[in-house]
Structure formats: structure tokens, C-alpha cells
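Participant: Fold the following for me, if possible:
(one chain, ligands or ions: 2)
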Amino acid sequence: MKTLTPDVAVIGAGTAGLAAYRAAKAAGASALLIEGGAHGTTCARVGCMPSKLLIAAAEAAHSARHTAPFGVHVDGAVRIDGREVMDRVKRERDRFVGFVVKGVLNIPTEDRIEAFAKFTAPMELLVGEDTIVKPGRIVIATGSAPAVPPPWRALGDRLIVNDDVFAWDDLPERVAVFGPGVIGLELGQALHRLGVKVRLFGMGGKVGPLSDEAVIRSAIGIFGAEFPFSPDIKGSDIRREGDEVVVTWTEAATGETHTERFDYLLAATGRRPNLGKLGLEHSGLELDKQGVPVFDPATLQCGTHPVFIAGDVNNIVPLLHEAADEGKTAGHNAAVFPDVVAGLRRAPISVVFSEPQIAMVGKRRGELEDGCYVTGEVDFADQGRSRVMLKNAGLMHVYADVRDGRFLGAEWLGPRAENIAHLLAWAVQQRLTVAQMLDMPFYHPVVEEGLRTALRDAAAHLAKLGAAERECLSCEDKASDAN
Ligand SMILES: Cc1cc2nc3c(=O)[nH]c(=O)nc-3n(C[C@H](O)[C@H](O)[C@H](O)COP(=O)(O)OP(=O)(O)OC[C@H]3O[C@@H](n4cnc5c(N)ncnc54)[C@H](O)[C@@H]3O)c2cc1C
Ligand SMILES: NC(=O)c1ccc[n+]([C@@H]2O[C@H](COP(=O)([O-])OP(=O)(O)OC[C@H]3O[C@@H](n4cnc5c(N)ncnc54)[C@H](O)[C@@H]3O)[C@@H](O)[C@H]2O)c1
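Facilitator: Ligands and ions are numbered 1, 2, ... in the order given. This next block holds a predicted model:
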């Protein structure tokens with residue numbers, strides 16, 4: 001048995017772990033990076049990048065099929081070669097993974113171990129079978145994994161998750177996608193556009209990360225018009241017959257029961273932190289009800305222990321740029337412990353790469369208190385530039401503080417949302433008011449003119465408020481931490 005005593009041990013060489021390792025080293029600590037699975041990060045191997053590659057192929061197919069309204073006709077069938085689609089997805093994915101792996105291989109060999117780590121005592125890790133690590137500080141950056149309802153395991157190899165999709169050599173014929181969250185929506189729509197027979201199933205009528213009911217209704221209408229979408233089912237029965245998955249479900253809205261057969265069930269029903277095999281019961285850390293160590297979201301420190309937790313595993317905001325920021329905070333704080341500092345927290349931003357795209361910035365509608373904000377709206381159906389491009393679908397809601405007109409956040413689906421989301425997130429971070437945003441330039445004709453319509457609508461609502469409504473003493477605290 002070998003014993004190592006680095007200043008900092010980082011468990012997990014994903015986006016957060018790599019950032020933590022680099023930050024710890026930059027702050028002058030010795031650091032050990034421990035990776036139990038494949039190098040290359042979730043984002044590059046089975047997450048952000050392969051999903052966007054699949055979506056890009058789907059967009060190409062969709063565009064090719066929808067030229068006629070412009071008077072442009074593609075004579076002959078649009079043919080999708082599933083093998084070629086998957087070949088490009090995997091080739092390009094491997095290229096992205098290759099860059100990450102190259103970066104890992106540049107880390108000195110004495111600074112990395114390839115084996116799973118688990119706590120055997122507070123501040124003691126067993127790594128693999130023959131190494132004990134007794135570090136001064138620990139960063140937990142073990143990421144997350146799909147949360148699959150246990151009864152579905154009976155489907156055997158007909159049950160798949162996102163990782164399996166990106167291992168396909170060819171596209172299947174029929175896939176039941178469960179979970180209309182971010183992953184289910186992105187992959188479900190892409191597969192549909194690539195000619196796979198898809199039905200997207202949800203429970204409770206939610207879509208993606210949206211919390212604004214009007215925007216959710218718009219999303220259900222738009223996606224439901226494009227592919228079979230059952231956003232709110234109850235009483236489903238899922239079983240395997242031969243190589244088929246047979247799904248029987250009841251639509252909550254109509255009470256109608258249906259049965260359909262598929263080749264696979266893709267579980268996109270959420271993700272949960274990778275903590276199960278970490279031996280946290282030996283760590284001395286206080287755990288919350290979900291079994292996640294209790295930690296300070298600013299410093300990422302777990303209680304008063306010299307242990308930090310970063311990335312998807314802490315379940316704050318499971319997004320790539322957040323994992324990178326948190327990794328940096330955790331690694332730096334581990335190196336300088338006990339002089340820990342609050343890390344950078346940027347304005348919230350998230351984008352779903354469906355079409356239309358969904359985006360959210362700043363405060364979600366569900367986080368705002370009634371009476372404390374006004375809503376400005378634009379429907380993209382009549383928005384000039386969107387109509388020109390025949391991308392005129394979607395609804396945007398922007399929220400502004402009743403007291404000072406400060407822009408609080410937005411939820412929407414619509415064209416070019418990935419770009420507009422950045423303008424708006426920057427506005428949130430700069431604490432701009434709606435009036436200040438309306439003083440900024442808007443070119444013509446651009447989709448951003450739709451945003452201006454929503455901001456003008458919010459400004460009009462603000463102008464109508466009386467002095468008492470503006471005072472809104474009840475929402476003082478909520479609004480002050482809107483950033
Ligand atoms: C399909 C999909 C699409 C996505 N698309 C986007 C997107 O478009 N934009 C976006 O911002 N985010 C997206 N995400 C989310 C993003 O991928 C994650 O937020 C990010 O990868 C999290 O990084 P991480 O470092 O926390 O975890 P990971 O990259 O998963 O790293 C954790 C590492 O820890 C290792 N590990 C686990 N347990 C142990 C142990 N006990 N010992 C040693 N090592 C261990 C794992 O093997 C893994 O390598 C997507 C996710 C998925 C699944
Ligand atoms: N574009 C992006 O930035 C991007 C893309 C993919 C993933 N991600 C990250 O990955 C995280 C996980 O994504 P996800 O889509 O797995 O989770 P999610 O939490 O976004 O969605 C899970 C969905 O599954 C539904 N659900 C749960 N159990 C169900 C059941 N039995 N039947 C039907 N529906 C059920 C939930 O109601 C929810 O709508 C996201 O929160 C996001 O942070 C980001």
C-alpha cells in the first residue's frame with residue numbers, strides 16, 4: 001500500500017475538477033488529480049458537445065425539408081443516412097475529447113491517479129486498491145449521472161441514457177423519450193428531425209427549465225405541433241416484449257389511454273450527484289436529506305472542514321460554465337485554506353438548444369414574488385425579422401422591479417435565444433433598468449427588436465404604477481438579491 005500526502009486532492013477530472021486542480025496549483029499548492037472513469041469530461045464525451053453535434057445534423061435535415069414556403073424546392077427526397085450522422089457526431093466529439101485528454105496528459109504523472117476514490121476516514125481516501133491519500137484539503141468534483149427510475153431497469157439493453165445515444169453507430173427507428181427537461185427536449189426533437197419515430201413523455205406539464213406558465217403553454221403548443229408530445233401523463237405501464245418497449249399511458253388532460261411500441265426508452269428524467277460510492281459516511285461531513293455534503297454556496301466549503309465541493313455534484317446549477325467557475329473557486333480555496341473567499345458568481349443564464357431555443361436569465365418567474373415585478377411580453381409570431389426567416393414562433397416574458405424598473409430576468413422561447421440571452425444576462429449583471437436598456441441601440445431588422453417590444457411593454461406597465469404599488473415594501477429582500 002502506497003501513501004500520498006498532497007496539499008490538495010481533487011476527486012474527479014471533469015470540468016470542475018480540472019479547474020480546481022489548476023487553481024490549486026496556481027495558488028502554490030501541491031495537488032493530486034484523481035479520476036476513476038474515462039478522461040475527457042462529461043461535457044465533451046456525452047454531454048454538451050455530442051448533443052449539439054446531433055442537433056446540428058437535425059437542423060440541417062429540418063431546414064432541407066422546409067424550403068418550399070420560400071419558393072425554393074428540393075426535388076427528390078431528403079435522405080438521412082443514420083450511419084453518416086452518427087459517424088460525424090462521434091468523429092467531431094472525439095476531436096473535442098482529444099483536446100481535453102491532451103490537456104490532462106500534460107499534467108505531470110506524479111500529479112494524477114487513474115482510479116476511483118472513496119473516504120475511509122475523515123481526510124483519508126482509498127484510491128483504487130493500493131493507494132492511500134492523506135491530503136491537507138479535498139475538492140469533491142465527481143459530477144452527476146442520469147437518475148433512472150429503478151423499475152425501468154427491467155428493460156435491460158432497451159433502456160438507454162444520453163451516454164448510449166452517443167455510442168450508436170446508426171439511428172434506431174423508434175424511441176420513447178421520458179422527461180421533457182433539457183436533455184429530453186434537445187435529444188427528442190433532434191431524433192425526430194432525423195427521422196426517428198419519437199414520443200416525448202412528461203409528468204406535470206413542465207417543459208425544459210421553464211417556470212412561467214404562459215411561456216410553458218407556448219412551448220407545449222409549439223413542440224406538440226412538431227412531434228408527438230405528451231407533457232403530462234399519469235399511470236404509465238412500461239414493459240419489454242422481445243426487443244420492443246411497450247408503453248401504455250394515460251393523458252392527464254383527456255383521461256385517454258394509449259399504447260405504443262418503441263425500440264428504446266431514453267431516460268432523461270433528471271440527474272443526480274455522483275456521491276453513492278464515495279464512502280461519505282466515513283468522511284465526517286454533515287450530509288443533507290439528499291446525501292449531499294452541507295456546504296457554503298459562496299466558498300463551496302463543506303461546514304468547517306477543509307473539504308470543498310464543486311460542479312454538478314453540488315447540484316446548485318449543473319451547467320458547464322458554472323462547473324468551471326466553481327472548480328476554480330474550490331481549488332483556490334483548498335489551496336489557501338483557511339483563508340477562503342467567496343468565488344465569482346455570474347448572472348444566471350441557461351439555454352436549451354431546441355428549436356425554438358429556450359432561454360432563461362436572471363431571476364426565474366418562479367422565484368419572483370407577486371406584486372413586486374411587472375412583466376413585459378413579446379409574441380414572436382408577428383416579429384419582423386423572425387417572420388422574414390420563417391422562425392416566427394415563441395413567447396418572451398421579461399421581468400422588471402416595480403420599485404426602480406430594474407431588469408430582473410426573463411424566460412422565453414424564440415429565435416436566436418442563445419445570443420439574446422447573453423445581452424440580457426449582461427444587463428442583469430450590470431443591474432440595468434428597463435429604461436437604460438431601451439436607451440441602447442437596436443438595429444433594424446433584427447430579432448432583438450422583439451426584445452425591445454417586450455422591454456417597452458414592461459416600461460409601459462411600470463409607467464402605469466401608482467406610488468403605493470412602487471413602494472412594494474413586502475418584496476424588499478427578494479428584489480435586493482436579484483443579482
Ligand atoms: C446530454 C447533456 C448535455 C449537456 N449540455 C450542456 C450544455 O449545452 N451546456 C451546459 O452548460 N451544460 C450542459 N450539460 C451539463 C454539463 O455537461 C455539466 O454541467 C458539466 O459537464 C459538469 O462538469 P463536472 O466537472 O461537474 O462533472 P464531470 O465532467 O462529469 O466530471 C466528474 C468526473 O468525476 C469522476 N468521478 C466520479 N466519481 C469519482 C470517484 N469516486 N473517484 C474518482 N473520480 C470520480 C467521473 O468519472 C468524471 O470524470 C449537459 C449535460 C448532459 C448530460
Ligand atoms: N443546454 C444545456 O445547457 C443543457 C443540456 C442538457 C443538460 N443540461 C444540464 O443537465 C441537467 C439535467 O438534465 P435533464 O434533462 O436530465 O433533467 P431536468 O431536471 O432538466 O429534466 C427532467 C425532466 O424529467 C421529468 N420527469 C421526471 N421523472 C419522470 C417520469 N417518470 N416520467 C416522465 N417525466 C419525468 C421531470 O418532470 C423533468 O421535466 C439540466 O438541469 C441541465 O443543467 C444542460
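
Participant: going forward, measure contacts and count neighbours with C-alpha atoms only.
Facilitator: Will do.

Participant: what residues are up against the most centrally placed residue in the chain?
Facilitator: When Cα atoms, centre = their mean is applied to the chain, the residue found nearest the centroid is L319 (5.0 Å). Going by Cα atoms under 8 Å, 6 or more residues apart in numbering, L319 touches G311, D312, S350.

Participant: Most neighbours of all those, which one?
Facilitator: Within the contacts of L319, most neighbours by other Cα atoms under 10 Å means G311, with 30 neighbours.

Participant: helix or strand for the nearest residue to it once chain neighbours are set aside, which one?
Facilitator: Closest residue in space to G311, ignoring its immediate chain neighbours: A323 at 4.0 Å, by Cα to Cα, 6 or more residues apart in numbering. According to DSSP states H and E, A323 maps onto helix 320-336.

Participant: Give me the contact list for that helix.
Facilitator: Against helix 320-336 from outside (Cα under 8 Å, 6+ apart): 7-8, 15-29, 43, 137-139, 141, 299-301, 306-312, 339-345.

Participant: Just the ones of the residues you listed in strands?
Facilitator: V8, R137, I138, V139, V307, F308, I309 (DSSP state E).

Participant: so which of those residues comes closest to ligand 1?
Facilitator: Set against ligand 1, the nearest of these by Cα to the nearest ligand atom is I309 (9.4 Å).

Participant: what bridges to the closest one?
Facilitator: Beta-bridge pairing of I309 under DSSP bridges involves I140.

Participant: quick one: contacts for N392?
Facilitator: Neighbours of N392 in contact, by Cα under 8 Å, 6+ apart: F380, A381, D382, Q383, S386, G414, P415.

Participant: Take these and keep only those in strands.
Facilitator: G414.

Participant: Of the contacts of N392, keep whichever come out buried.
Facilitator: Neighbour counting by 16 or more other Cα atoms under 10 Å classes F380, Q383, S386, G414, P415 among those as buried.

Participant: rewinding a little: show me what the helix or strand just after the helix holding A323 packs onto, helices and strands only.
Facilitator: Next helix or strand after helix 320-336 toward the C-terminus (DSSP H and E): strand 349-352. Under the contact criterion of 3 or more Cα pairs under 8 Å, 6 or more residues apart in numbering; DSSP states H and E, strand 349-352 touches strand 357-362, helix 417-429.

Participant: could you dump these to CSV with mean neighbour count?
Facilitator: Listed next are those as CSV, based on neighbours: other Cα atoms under 10 Å:
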stretch, mean neighbour count
strand 357-362, 26
helix 417-429, 20
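
Participant: which helices and strands does the host helix or strand of M86 pack with?
Facilitator: In the assignment (DSSP H and E), M86 maps to helix 82-105. Applying 3+ Cα pairs under 8 Å, 6+ apart, one finds that helix 82-105 makes contact with helix 42-46, helix 48-65.

Participant: still on that earlier bit, okay, the contacts of L319 in TSV with pLDDT next?
Facilitator: Formatted as TSV, the contacts of L319 follow (pLDDT from 0 to 100):
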residue	pLDDT
G311	98
D312	98
S350	98
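
Participant: and which of these is nearest ligand 2?
Facilitator: The closest of those to ligand 2 turns out to be S350 (Cα to the nearest ligand atom; 5.7 Å).

Participant: Need phi/psi at T3.
Facilitator: As for T3, its main-chain torsions (degrees, to the nearest 10) stand at phi -120, psi 130.

Participant: in what helix or strand does the nearest residue in space to it that is not next to it in sequence lie?
Facilitator: Excluding the flanking residues, the one nearest T3 by Cα to Cα, 6+ apart is I132, at 4.6 Å. Per DSSP H and E, I132 falls inside strand 131-133.

Participant: Now do that strand: which elements does it pack against?
Facilitator: strand 2-4, strand 124-127.

Participant: List the neighbouring strands of it plus their orientation.
Facilitator: Applying DSSP bridges to the sheet, strand 131-133 is found paired with strand 2-4 (parallel), strand 124-127 (antiparallel).

Participant: The contacts of N392 into JSON lines, with extra columns for pLDDT?
Facilitator: Listed next are the contacts of N392 as JSON lines, based on pLDDT from 0 to 100:
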{"residue": "F380", "pLDDT": "98"}
{"residue": "A381", "pLDDT": "98"}
{"residue": "D382", "pLDDT": "95"}
{"residue": "Q383", "pLDDT": "98"}
{"residue": "S386", "pLDDT": "98"}
{"residue": "G414", "pLDDT": "98"}
{"residue": "P415", "pLDDT": "98"}
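
Participant: Take the contacts of N392 and keep only those in helices.
Facilitator: S386 (DSSP state H).

Participant: What is the burial count for the closest residue in space to E244 that isn't next to it in sequence?
Facilitator: Sequence neighbours aside, D263 is the residue nearest to E244 in space, at 5.1 Å (criterion: Cα to Cα, 6+ apart). The number of residues packed around D263, counting by other Cα under 10 Å, is 18.

Participant: contacting residues for D263?
Facilitator: R158, P172, E173, R174, V175, A176, D243, E244, V245.

Participant: hang on, the earlier thing: any idea how far the residue nearest to the centre of the chain is from ligand 2?
Facilitator: For L319, the distance to ligand 2 equals 5 Å [Cα to the nearest ligand atom, to the nearest Å].

Participant: can you check D243 too?
Facilitator: 21 Å.

Participant: Was I right to think that residue contacts R158?
Facilitator: Yes. Applying Cα atoms under 8 Å as the test, D243 and R158 come out as touching, 7.2 Å apart.

Participant: Mind checking which of the two has more residues around it?
Facilitator: The residue with more neighbours, out of D243 and R158, is R158; 19 against 13, by other Cα under 10 Å.

Participant: Tell me the secondary structure at T259.
Facilitator: strand (DSSP: H, G, I helix; E, B strand; the rest coil).

Participant: From T248, how far out is it?
Facilitator: Noted for T259: a distance of 4 Å to T248, by Cα to Cα, to the nearest Å.

Participant: Looking at the two, which is more packed in?
Facilitator: T248 (16 against 12).

Participant: Quick check on the more buried one: phi, psi?
Facilitator: Torsion angles at T248 (phi, psi; degrees, to the nearest 10) stand at phi -120, psi 130.

Participant: Show me which positions of stretch 248-268 end up buried.
Facilitator: Applying 16+ other Cα under 10 Å to stretch 248-268 flags 248-252, 261-268 as buried.

Participant: Just those residues: which are in strands?
Facilitator: T248, W249, T250, E251, R261, F262, Y264, L265, L266, A267.

Participant: circling back to that earlier point, want to try JSON lines for the buried residues of stretch 248-268, with pLDDT and distance to ligand 2 as columns?
Facilitator: Shown next, in JSON lines, are the buried residues of stretch 248-268 (pLDDT from 0 to 100; distance: Cα to the nearest ligand atom, whole Å):
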{"residue": "T248", "pLDDT": "98", "distance to ligand 2": "12"}
{"residue": "W249", "pLDDT": "98", "distance to ligand 2": "10"}
{"residue": "T250", "pLDDT": "98", "distance to ligand 2": "12"}
{"residue": "E251", "pLDDT": "98", "distance to ligand 2": "12"}
{"residue": "A252", "pLDDT": "97", "distance to ligand 2": "12"}
{"residue": "R261", "pLDDT": "98", "distance to ligand 2": "16"}
{"residue": "F262", "pLDDT": "98", "distance to ligand 2": "16"}
{"residue": "D263", "pLDDT": "98", "distance to ligand 2": "17"}
{"residue": "Y264", "pLDDT": "98", "distance to ligand 2": "15"}
{"residue": "L265", "pLDDT": "98", "distance to ligand 2": "11"}
{"residue": "L266", "pLDDT": "98", "distance to ligand 2": "11"}
{"residue": "A267", "pLDDT": "98", "distance to ligand 2": "8"}
{"residue": "A268", "pLDDT": "98", "distance to ligand 2": "5"}
